[in-house]
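A.B. asks: Sequence first, predicted model second:
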Amino acid sequence: QKEVEQNSGPLSVPEGAIASLNCTYSDRVSQSFFWYRQYSGKSPELIMSIYSNGDKEDGRFTAQLNKASQYVSLLIRDSQPSDSATYLCAVGDSWGKFQFGAGTQVVVTP
Amino acid sequence: DGGITQSPKYLFRKEGQNVTLSCEQNLNHDAMYWYRQDPGQGLRLIYYSQIVNDFQKGDIAEGYSVSREKKESFPLTVTSAQKNPTAFYLCASSIFSSGSNSNQPQHFGDGTRLSIL
């Protein structure tokens, strides 16, 4: 059974600080990794895709991938109250299917 | 605007009734997916389709059925065999490249909330 694990949180982050979210996965042959943000009662929206080891930056978001350790992370710099949401990690297999983690709830406090 | 449209937004099912959730996309995506989300949990794959007239079971297909007669449409039927249908149902689509090891991102509709009367 392929698994994607995330800390459920809540992760409380002061406004302006860095939020660090972690995700581990069990399927060694996974090639595609995604972070989605989901506001309460809404559908997930894509934040980042990452396919290669290393860092990928997009605005205030940085995704980090380490395939040897089967670990992918998301950093949110200068956290804002609008960043308060649940962040879902998704891992894609070679058949086009995704496995989603249960999500980490982030709460940005003023 | 291109996007994924799910309807209805809210749906109530009576005992023994089948209900159908609609999903339409105008993104010209080949692949479409149905997920179920329960409170505090991640998304679980019900069915997916990578080409018209073909679809595969996901992790929790029992009690559900789908069809893919058109590229744009992937309706999900929740049958009376699904004894615990109350959940948030999400439809997604993506570009699909056969033979590629790298998946394209999935994009989601706004979801349908299904409850039992």
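C.D. replies: Nice, I can see it.
A.B. asks: how deep is the residue nearest to residue A:5 when sequence neighbours are not counted tucked in, by neighbour count?
C.D. replies: Nearest residue to residue A:5, sequence neighbours excluded (C-beta to C-beta, 6 or more residues apart in numbering or on different chains): residue A:24, at 4.9 Å. Backbone N, C-alpha and C define where each C-beta goes, glycine included. Residue A:24: 17 surrounding residues under other C-beta atoms under 10 Å in any protein chain shown.
A.B. asks: for residue B:97, same thing?
C.D. replies: Residues contacting residue B:97 under the criterion other C-beta under 10 Å number 14.
A.B. asks: which bits of chain B sit near chain A?
C.D. replies: B:31, B:33, B:35, B:40-45, B:48, B:50, B:58, B:90, B:94, B:96, B:101-103, B:105-111 (C-beta under 8 Å from any C-beta of the partner chain).
A.B. asks: Quick check: residues of chain A near chain B?
C.D. replies: Chain A comes close to chain B at residues A:4, A:8, A:31-32, A:34, A:42-46, A:49, A:51, A:88, A:90, A:92-94, A:96-98, A:100-103, as judged by C-beta under 8 Å from any C-beta.
A.B. asks: Tell me where chain B has strands.
C.D. replies: Assigned by DSSP state E, chain B shows strands spanning B:4-7, B:10-13, B:19-25, B:31-37, B:43-51, B:54-57, B:64-66, B:76-78, B:87-94, B:107-108, B:112-116.
A.B. asks: Counting neighbours, which bits of the fifth one end up buried?
C.D. replies: What it means is strand B:43-51. Using 16 or more other C-beta atoms under 10 Å in any protein chain shown as the test for burial, strand B:43-51 gives B:43-50.
A.B. asks: Equivalent analysis for the second one, please.
C.D. replies: For strand B:10-13, burial by neighbour count (16+ other C-beta under 10 Å) applies to B:11, B:13.
A.B. asks: Need the contact partners of it.
C.D. replies: If you take C-beta atoms under 8 Å, 6 or more residues apart in numbering or on different chains as the criterion, strand B:10-13 is touched by B:19, B:21, B:78, B:85, B:112-117.
A.B. asks: Which strands and helices lie in contact with the host helix or strand of residue A:63?
C.D. replies: For residue A:63, the host element (DSSP states H and E) is strand A:61-66. Under the contact definition 3 or more C-beta pairs under 8 Å, 6 or more residues apart in numbering or on different chains; DSSP states H and E, strand A:61-66 sits against strand A:32-38, strand A:45-50, strand A:54-58, strand A:71-76.
A.B. asks: Could you tell me which of the residues of chain B next to chain A count as buried?
C.D. replies: Neighbour-count burial (16+ other C-beta under 10 Å) applied to those gives B:31, B:33, B:35, B:42-45, B:48, B:50, B:58, B:90, B:94, B:96, B:103, B:105-109, B:111.
A.B. asks: mind listing what the residue of chain A found nearest chain B touches?
C.D. replies: Closest to chain B within chain A is residue A:92: 3.3 Å, counting by C-beta to the nearest C-beta. Contact partners of residue A:92, counting by C-beta under 8 Å, 6+ apart, are A:30-34, A:98, B:102-103.
A.B. asks: Would you mind putting those residues into JSON lines with pLDDT and distance to residue A:56 alongside?
C.D. replies: Listed next are the contacts of residue A:92 as JSON lines, based on pLDDT from 0 to 100; distance: C-beta to C-beta, whole Å:
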{"residue": "A:30", "pLDDT": "87", "distance to residue A:56": "16"}
{"residue": "A:31", "pLDDT": "86", "distance to residue A:56": "15"}
{"residue": "A:32", "pLDDT": "93", "distance to residue A:56": "13"}
{"residue": "A:33", "pLDDT": "96", "distance to residue A:56": "10"}
{"residue": "A:34", "pLDDT": "97", "distance to residue A:56": "11"}
{"residue": "A:98", "pLDDT": "92", "distance to residue A:56": "18"}
{"residue": "B:102", "pLDDT": "70", "distance to residue A:56": "14"}
{"residue": "B:103", "pLDDT": "82", "distance to residue A:56": "16"}
